[in-house]
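Q: show me how the following folds:
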Amino acid sequence: MPHSKVSLPVIRRLPRYYRYITELKNSGVTRISSSQLANIMGSTPSQVRQDFNCFGGFGQQGVGYSIDLLHEEIEKLLFSEEKLNAVLLGTGNLGITIANFVLKESNGITLSAIFDNDSAIIGNHLFGIEIQSMDDFVSYCHNNSVDIIIVCTSKDEAELLAPAILESNVKGIWNYSHFDFSVHDESLVVENVHLRDSLMALSYRITHTQPSNIQE
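A: A predicted model of the protein is given here:
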């Protein structure tokens, strides 16, 4: 099966596989069965095997999986050979936190520019990167082969910026505003991240359902 046809739920599980496998690798584990990995993931052995079969299987049936091989192969799937170039829109508290995360914790992504519309801070530096005017971000994207725009503005500002963002020729939008980018261009990938939605879902589950150890 071509990787482009892998379902979104499988893709969303890959980072969790990678996180757990990295922890196992660092703790000295060398091999793991589908049952053991399913227990860690909160899924089933058949689900693990089905997920891995989307990418060729990663091992031989009956002998388990090599942790080193799993780590190497999933890392190849998640991270491109060359780092992806990202820019940040918005330097409020959330924008600062996301910028710090990308610079310190993310693999395969580099933050090259930061933009804001507050004239009082334009020209200042955040984590060593100059804050530029929001008016300049489209031309920057065209001139610097930007792959990802990280949106940490307000909902209203994101809605106003949407046409320019969609015309910037980037490959992906990592969106933390409350404005949902909905695009029909298959070459553009959008991740709309709603922290409020996640918190409300947690509140509902605490209030209305029994606690569960199963992780979605």
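Q: give me the low-pLDDT residue ranges for the chain?
A: 1-4, 59-62, 184-185, 210-216 (pLDDT under 70).
Q: strands of that one, start to end?
A: Taking DSSP state E to define them, one finds strands in the chain at 31-32, 65-66, 84-89, 109-116, 125-126, 129-133, 148-151, 172-175, 189-192.
Q: present these as JSON lines; the columns should include mean neighbour count and distance to residue 142.
A: In this view, the C-beta of every residue, glycine as well, is placed from N, C-alpha and C. Output for those, formatted as JSON lines (neighbours: other Cβ atoms under 10 Å; distance: least, Cβ to Cβ, whole Å):
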{"stretch": "strand 31-32", "mean neighbour count": "18", "distance to residue 142": "46"}
{"stretch": "strand 65-66", "mean neighbour count": "19", "distance to residue 142": "44"}
{"stretch": "strand 84-89", "mean neighbour count": "22", "distance to residue 142": "12"}
{"stretch": "strand 109-116", "mean neighbour count": "20", "distance to residue 142": "12"}
{"stretch": "strand 125-126", "mean neighbour count": "14", "distance to residue 142": "23"}
{"stretch": "strand 129-133", "mean neighbour count": "15", "distance to residue 142": "14"}
{"stretch": "strand 148-151", "mean neighbour count": "24", "distance to residue 142": "12"}
{"stretch": "strand 172-175", "mean neighbour count": "20", "distance to residue 142": "16"}
{"stretch": "strand 189-192", "mean neighbour count": "15", "distance to residue 142": "19"}
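Q: okay if I get those as CSV plus distance to residue 96?
A: Below are these laid out as CSV (distance: least, Cβ to Cβ, whole Å):
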stretch, distance to residue 96
strand 31-32, 38
strand 65-66, 39
strand 84-89, 9
strand 109-116, 10
strand 125-126, 7
strand 129-133, 11
strand 148-151, 12
strand 172-175, 15
strand 189-192, 20
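Q: in the chain, which helix is the longest?
A: Using DSSP state H, we find that the single longest helix of the chain is helix 8-26.
Q: now it - C-alpha only, CSV.
A: Coordinates of each C-alpha in helix 8-26 appear next as CSV, following Å, rounded to 0.1, in the frame of the first residue of the first chain:
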residue,chain,number,x,y,z
LEU,A,8,-5.3,9.3,9.1
PRO,A,9,-5.9,7.2,12.3
VAL,A,10,-2.8,5.1,11.5
ILE,A,11,-0.8,8.2,10.8
ARG,A,12,-1.9,9.8,14.1
ARG,A,13,-0.7,6.6,16.0
LEU,A,14,2.8,6.7,14.5
PRO,A,15,4.1,9.5,16.9
ARG,A,16,2.8,7.5,19.9
TYR,A,17,4.6,4.4,18.6
TYR,A,18,7.7,6.4,18.1
ARG,A,19,7.5,7.9,21.6
TYR,A,20,7.1,4.6,23.4
ILE,A,21,9.7,2.8,21.2
THR,A,22,12.2,5.6,21.9
GLU,A,23,11.6,5.1,25.6
LEU,A,24,12.1,1.3,25.3
LYS,A,25,15.2,1.8,23.2
ASN,A,26,16.7,4.2,25.8
